[in-house]
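J.: Have a look at this fold, sequence not included:
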Ligand SMILES: [Mg+2]
């Protein structure tokens with residue numbers, strides 16, 4: 001079984017997919033055969049949503065239906081989105097979808113749905129799936145004001161439950177506009193001060209930044225090393 005990472009958010013819409021895409025592209029550039037999986041997705045429209053973006057970043061391995069075997073249209077919690085289509089979430093398939101990629105890739109990047117404690121089904125939370133898979137977490141948050149508190153809440157809870165933590169990544173979801181970082185109230189100054197604070201509090205865990213519209217996470221780290229324990233607490 002190949003190693004990998006489980007990306008979880010502090011909330012929904014905090015930039016997880018952009019972070020996952022950046023990690024996957026980084027690994028692909030190094031020649032790593034990366035498997036990608038979004039075990040369940042809701043709010044998937046005709047553009048294919050998150051699964052399509054992950055699949056594209058990985059260079060279209062396998063089939064899109066293998067990236068996300070359980071995709072639903074309604075942008076609500078997965079169990080409710082499935083029910084709206086007369087279906088139910090298959091808990092076993094949540095695990096099997098990832099395991100299939102781990103059996104045939106060198107590394108797997110898994111994007112959860114919503115936050116670490118968001119439900120994947122009527123029974124399972126993201127945290128439950130991450131534990132079953134035994135993959136270290138990448139905790140993702142929006143770099144907007146409040147990132148320190150949101151991130152520490154999730155990291156503290158994850159640690160208390162024994163989840164290994166590979167990294168924290170803050171993603172600048174909204175366009176920061178023209179204000180420079182010399183203005184302490186500018187979005188970029190807020191993001192950078194949040195990063196600095198979290199680096200001090202969470203060292204030696206890597207705390208990284210994905211700027212708005214950027215393709216690469218900074219600073220660059222070795223994701224295979226981080227998944228293997230270099231960034232563990
Ligand atoms: Mg996403």
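T.: Sure, I can see it. All values reported here derive from a predicted model rather than from experimental measurement.

J.: Check which residues of the longest helix anywhere in the chain are buried.
T.: Scanning the chain for the longest helix, with DSSP state H as the assignment, gives helix 187-202. By neighbour count with 16 or more other Cβ atoms under 10 Å, helix 187-202 contains the buried residues 187-191, 194-195, 198, 202. (Each C-beta comes from the backbone N, C-alpha and C, glycine too.)

J.: Quote the end-to-end distance of stretch 137-156.
T.: Using Cα to Cα, to the nearest Å, one end of stretch 137-156 lies 12 Å from the other.

J.: as a whole number, average confidence for that stretch?
T.: Per-residue pLDDT values over stretch 137-156 give a mean of 98.

J.: Ok, stretch 82-91 next?
T.: Averaged across stretch 82-91, pLDDT comes to 97.

J.: Just checking the distance from it to the centre of its chain.
T.: Taking Cα atoms, centre = their mean, to the nearest Å, one finds the center of stretch 82-91 at 23 Å from the center of the full chain.

J.: contact partners of that stretch?
T.: 40, 70, 72-74, 76, 78-79, 120-124 (Cβ atoms under 8 Å, 6 or more residues apart in numbering).

J.: which sections of the protein are below the confidence cut-off?
T.: 229-233 (pLDDT under 70).

J.: Which neighbouring elements make contact with the strand ranked longest in it?
T.: Longest strand in the chain, counting residues (DSSP state E): strand 107-115. Judged by 3 or more Cβ pairs under 8 Å, 6 or more residues apart in numbering; DSSP states H and E, strand 107-115 is in contact with strand 4-9, helix 16-29, strand 34-37, helix 49-57, helix 91-104, helix 126-133.

J.: Please identify the deepest-packed of these.
T.: strand 34-37 (a mean of 28; mean count of other Cβ atoms under 10 Å).
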